[in-house]
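Colleague: Have a look at this fold, sequence not included:
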């Protein structure tokens, strides 16, 4: 399956150079490339100034060029080299100013002198440049020319949505974001893994649930989307996942929904506990992405996060060091695999009931050894344990948790018991 | 009280040589000896072919003789020496065959070369012999005569039942099984301890609960019995115990009911925690006896198991080494004692209420020291603690658990408080 | 704030010499001094012989003098030196008797030979003297004159009550006791800290709750008080505290209410966990003061205890060593501080709800940095966490527990959010 990992990494590489922000052409270009993988993806444009709960959609920001030019006319800090060099949403500037004044518009990380930091200012007009601290320390006194060719004007916020109908109108929700410039774990791994999950879901012969998949700018995008759909979402969504920071090769991480024991949490924990029992468990207090909106009071969606190394927990976070070396094919595949199995658990999470009183006679069905001897029957143990708890009150996932077997390893058994007529689904 | 242990061990010894199976004359002979101790025990015969839920009562099996005879005419494996030598439910055979062919019908334990294993094949026609692995390894090539004088024919499944009426129609249920040939812990300890518990219960001047006590063949017997009585049992039984492996001198063990917090579990845990706090606690996933049926979905009886060393957890299990040396008078008495105290806890488990507001004045009733000095009053502590929780909502067992005193040590206190009129039973 | 500690210690010193018991002039004198600090304190007199639940108010006891006088006419044990020398409620005696006979009326502590023990006999007529074990061992054979000038006669039991009205008729209850002779931690620290808490409460510009504060003799006093007020108390009291042993400088201790999760417990635990996380947690089974009555079945008040070193847990307990050195200004202030913050938590424990869906836009309100960069926003974290849980179902205290911040540190934030209109109180 490393093919899948490699394909995902290639898509990351294709999207990496684009300068994204919460609005603008970078978002549109990113989504149009993803639409190449998901033809049914729909793009939506929301006008600047639209009110969404306590927020207003900001002006659209586009940037063509930016540089700090020294007295020799050299572009010493150049947007064309890294789009992290410009503070997101910087206003246009074109002037010459002394170092002391310029310095108030510079951002760098003394503790990570080789890293360009990622800085934005969406809701307050300013301009600024980000650069390596090493370079900043070497700047000589004197005048510098500052050139920012950006536009801030009424336009649109762009997001994408994919609805995959299932047998039930009840929905599973998957959300990721496309507002970060050139960084790989946070945040190309999110939309890329989401794209490949969506491809897998779209290709399934049958889906029990309807899938609602969105690619949005973080915070303002989820608020915009919720302001349009929250009533239907609260009505229909049974489980949701915020997909972020899912491409490096270090930890597995879980951040619960606010309520903490939803179907999404239950399935994610079941999967992580079996596949990666060493996973790191965070608190909802450690949140920092769109679950802040999805789980907010009155919205209350059952949304949790499954991650590789969580945002804020790795040194490269929000710097130019979060690059295509940090995110790997195996890292991406590991994250994809956990989410895919988590979704399989949700699809398979029926409430089940045995059709006979007492244990069924399994021997005559070839499901239990006919010779009873010391130590025999261990291979039939999971089957008998599953039946013992299939009381019409528990779901398959709850039973799998009790008997401590991954649900995906029980699927054949469940199908066989249904065929034998000794197990049935409770409506 | 070692008299009781000795008496139980003697009954084990009397029953030991009988060849029992799930049907046949060995069961009848065993039950008729037990009826000598329990005159009101009723024997029931259920015809072969009777349908019981998903099962059918098998043909009755009786065996008169069986042997493997070598070329010198010597009975080298002889049923008369140990009834474990024959695979339970072996069909009749009378033929001569070479070692290679015979070997496919032999069962031994490479890891326990001195032990004859216990093997059965109730629901699939076959024949076989069990022998020490040492002996099997020494068998010389050549022809052997095989002789099995058994009968498999329509007959009956036999079980016994004892009903001891109490003040209430609500029942305590005790079940043990009588289908194992010559083995002592699993399983003569079970029916023998059950017999002596029944004698004690029958002799009580008054019983709060009705007692339903059954001695049945394992699995098919409990299924047969449930198919006849499950509705009334579900209606009436407040607590039940599957009595098995209760005669050796090593561990104490507890296996919960499926629901896990029934009155039976509560009383058994209370008793074990006070008498043998080192007891081993199993999961319902470790089950292997008739609780599989009693606790199955839709049957849902509150049945747990209190054992000495659990089936499957000691090396002699299901072999000829599970003999009358393994089971001891103190071992049997220890198991009896726990079950007796557990039942006493259930009988005494009334819901109680103080009749006065605030603490009663205990000094004038002689229940508290009249001189108050540093360190005084400790002997009255349990009494005051019991009263503090006797709020008409908690049962005596719940209060005993909270104040961490064995209920049997509180009985005199409770009676005295009732006499003083400061404690009353809530209906 | 050590001024407050010093003032409290001075009041302890003023009250220390008075000979208190469960009735008598010592109680009246103590309460009249306290009334000097709390002008609205009301004294109540309950006649001897009054029935209160299972109890009867005893005769009033007053003592003027007591001594053991040796053959040389020397007062070798003298009530005037320490009022602990006399067994509380000793009947009048005036006779000469030999040492063997006298010895049956003597109390001392072999393990604490330098300590005079504290002994009482309220409900059984006797007389006795308490003395240092050292001294007792040195008594020479011969005759001794015994003189006890006490009175036991129909009179009154005296207690004091202060009601401070609040916006709500719902009450917070504070109880302490005034029946111990010259001992400092148990028990002058209790009424003295209660007095200063009452002064603080009386001076507050506004109170959410009504405060019911009582100073009573232990046991019989709380029973008397409950017999008069229990219905209204059960109706109105939302939280209560038994204030005792709150003046030494060693541990902090918590003893839960019988139900164990009341508002009183919740607030006390919240405060102790933040201020003194090393505090010692007792069980209700360790109780020994008026919570025995307040939490008794049918009374069921939400009353817990916050203490410094708990009664019975320090060597000086109930002896002459429990003196004004053991209780210190910092010890008293530490106990006062915990109770004051606990009460503040209760006053502030509103149920709160955000008024907008999704997170509010905090940046434009100056409550969140407008520049987003690595590591920013930590100071706004508590605010966002508080809002995330303000769902109209949780109280401020529950949210403070979830987000692990002392409620008193959130008060300014809560007020600001209310002013901004993004947080409201649920009725």
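Modeller: Here it is on my side, so go on. Since the model is a prediction, treat every value here as computed from it, not as a measurement.

Colleague: give me every residue that touches residue A:63.
Modeller: A:19, A:24, A:79, A:83, A:86, A:90, A:148, A:149, A:150, A:151 (C-beta atoms under 8 Å, 6 or more residues apart in numbering or on different chains). (Each C-beta comes from the backbone N, C-alpha and C, glycine too.)

Colleague: and it, that's in a strand?
Modeller: Yes. Counting by DSSP: H, G, I helix; E, B strand; the rest coil, residue A:63 is located in a strand.

Colleague: That one bridge partners, please.
Modeller: residue A:150 (DSSP bridges).

Colleague: how much space between it and residue C:79?
Modeller: Distance, residue A:63 to residue C:79, by C-beta to C-beta, to the nearest Å: 93 Å.

Colleague: Tell me if the strand or helix carrying residue A:239 is near chain C.
Modeller: Element membership of residue A:239, judged by DSSP states H and E, is strand A:237-243. No. Counting by C-beta under 8 Å from any C-beta of the partner chain, chain C has no neighbours in strand A:237-243; the shortest distance is 14.2 Å.

Colleague: For that strand, give me every contacting residue.
Modeller: With C-beta under 8 Å, 6+ apart, strand A:237-243 has contacts from A:170-176, A:190-191, A:193-194, A:197, A:209, A:212, A:262-264, A:267-268, A:289-291, A:294, A:301-306, A:339, A:342, A:346.

Colleague: can you do 7 Å?
Modeller: A:170-176, A:190, A:193-194, A:209, A:262-264, A:267, A:289-291, A:294, A:301-306, A:339, A:346 (C-beta atoms under 7 Å, 6 or more residues apart in numbering or on different chains).

Colleague: excluding its backbone neighbours, what's nearest residue A:215?
Modeller: residue A:160 (4.4 Å; C-beta to C-beta, 6 or more residues apart in numbering or on different chains).

Colleague: Quick check: beta-bridge partners of that neighbour?
Modeller: residue A:43, residue A:215.

Colleague: hang on, isn't it packed against residue A:38?
Modeller: No. Using C-beta atoms under 7 Å, residue A:160 is not in contact with residue A:38; the gap is 8.4 Å.

Colleague: ok so residue A:163 is a strand residue?
Modeller: Yes. Membership of residue A:163 in a strand is supported by three-state DSSP.

Colleague: Next up, the contacts around the closest residue to it other than its chain neighbours.
Modeller: Leaving aside its sequence neighbours, residue A:163 sits nearest to residue A:212 (C-beta to C-beta, 6+ apart; 5.8 Å). For residue A:212, the contact set (C-beta under 7 Å, 6+ apart) comprises A:163, A:171, A:173.

Colleague: let's see it at 8 Å
Modeller: Going by C-beta under 8 Å, 6+ apart, the list of residues near residue A:212 reads A:161, A:162, A:163, A:171, A:172, A:173, A:174, A:233, A:237.

Colleague: Neighbour-wise, which one of the residues you listed leads?
Modeller: residue A:172 (29 neighbours; other C-beta atoms under 10 Å in any protein chain shown).

Colleague: Surely residue A:420 touches residue A:366?
Modeller: No. Applying C-beta atoms under 8 Å, one finds residue A:420 not in contact with residue A:366, separated by 9.6 Å.

Colleague: The two: who's more crowded?
Modeller: residue A:420 (14 against 10).

Colleague: Give me the phi and psi for the residue lying closest to the more buried one once chain neighbours are set aside.
Modeller: Of all residues not flanking residue A:420 in the chain, residue A:365 sits nearest, at 5.6 Å (C-beta to C-beta, 6+ apart). Main-chain dihedrals, residue A:365, degrees, to the nearest 10: phi -100, psi 0.

Colleague: Could you find the closest non-adjacent residue to residue A:329?
Modeller: Distances taken as C-beta to C-beta, 6+ apart put residue A:5 closest to residue A:329, at 3.2 Å, once the chain neighbours are dropped.

Colleague: contacting residues for the one you found?
Modeller: A:328, A:329, A:330, A:331, A:332, A:333, A:336.

Colleague: distance of the closest residue to residue A:139 other than its chain neighbours from chain C?
Modeller: Take residue A:139 and drop its neighbours on the chain: the residue closest to it by C-beta to C-beta, 6+ apart is residue A:99, 5.9 Å away. Between residue A:99 and chain C the distance, using C-beta to the nearest C-beta, to the nearest Å, works out to 21 Å.

Colleague: What of residue A:53?
Modeller: Counting by C-beta to the nearest C-beta, the gap from residue A:53 to chain C is 5 Å.

Colleague: burial of that residue, as a residue count?
Modeller: Count around residue A:53 with other C-beta under 10 Å applied: 20.

Colleague: Next: residue A:96.
Modeller: 13.

Colleague: and what of residue A:104?
Modeller: By other C-beta under 10 Å, the burial measure for residue A:104, its neighbour count, is 9.

Colleague: Tell me the confidence at it?
Modeller: Note on residue A:104: pLDDT of 97.

Colleague: sorry, back to before: wait, the residue nearest to residue A:215 touches residue A:45, no?
Modeller: No. Taking contacts as C-beta under 8 Å, residue A:160 lies outside contact range of residue A:45: 10.7 Å.

Colleague: of those two, who's got more company?
Modeller: residue A:160 (22 against 12).

Colleague: what residues are up against the more buried one?
Modeller: A:31, A:34, A:35, A:41, A:42, A:43, A:44, A:178, A:214, A:215, A:216.

Colleague: Pull the most distant pair out of the contacts of residue A:63.
Modeller: A:83 and A:151 (15.4 Å; C-beta to C-beta).

Colleague: Of these two, which one has the most company?
Modeller: Remark: of residue A:83 and residue A:151, residue A:83 carries more neighbours, 22 against 14, as counted by other C-beta under 10 Å.

Colleague: In terms of pLDDT, where does that one sit?
Modeller: Looking at residue A:83, the pLDDT reads 97.

Colleague: Then residue A:345?
Modeller: 98.

Colleague: Next: residue A:1.
Modeller: 50.

Colleague: now residue A:367
Modeller: 87.

Colleague: Check residue A:376 too.
Modeller: 59.

Colleague: related to what we said a few turns ago, would you turn the contacts of residue A:5 into TSV with distance to residue C:358, pLDDT and secondary structure?
Modeller: What follows is those, written out as TSV (distance: C-beta to C-beta, whole Å; pLDDT from 0 to 100; DSSP: H, G, I helix; E, B strand; the rest coil):
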residue	distance to residue C:358	pLDDT	secondary structure
A:328	35	98	coil
A:329	36	98	helix
A:330	36	97	helix
A:331	31	98	helix
A:332	30	98	helix
A:333	33	98	helix
A:336	29	98	helix
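
Colleague: Most neighbours of all those residues, which one?
Modeller: Taking other C-beta under 10 Å as the neighbour criterion, residue A:332 ranks highest of the contacts of residue A:5 with 30 neighbours.

Colleague: what's the distance between that residue and residue B:58?
Modeller: According to C-beta to C-beta, residue A:332 stands 58 Å off from residue B:58.

Colleague: can you count the residues close to residue A:356?
Modeller: Neighbours around residue A:356, by other C-beta under 10 Å: 17.

Colleague: how close does it get to chain B?
Modeller: Distance from residue A:356 to chain B, by C-beta to the nearest C-beta: 4 Å.

Colleague: for stretch A:242-250, what is the average pLDDT?
Modeller: 98.

Colleague: Regarding it, how distant is the last residue from the first?
Modeller: Length of stretch A:242-250, first residue to last, C-alpha to C-alpha, to the nearest Å: 19 Å.

Colleague: Flag every buried residue along it.
Modeller: A:242, A:243, A:244, A:245, A:246, A:247, A:248, A:249 (16 or more other C-beta atoms under 10 Å in any protein chain shown).
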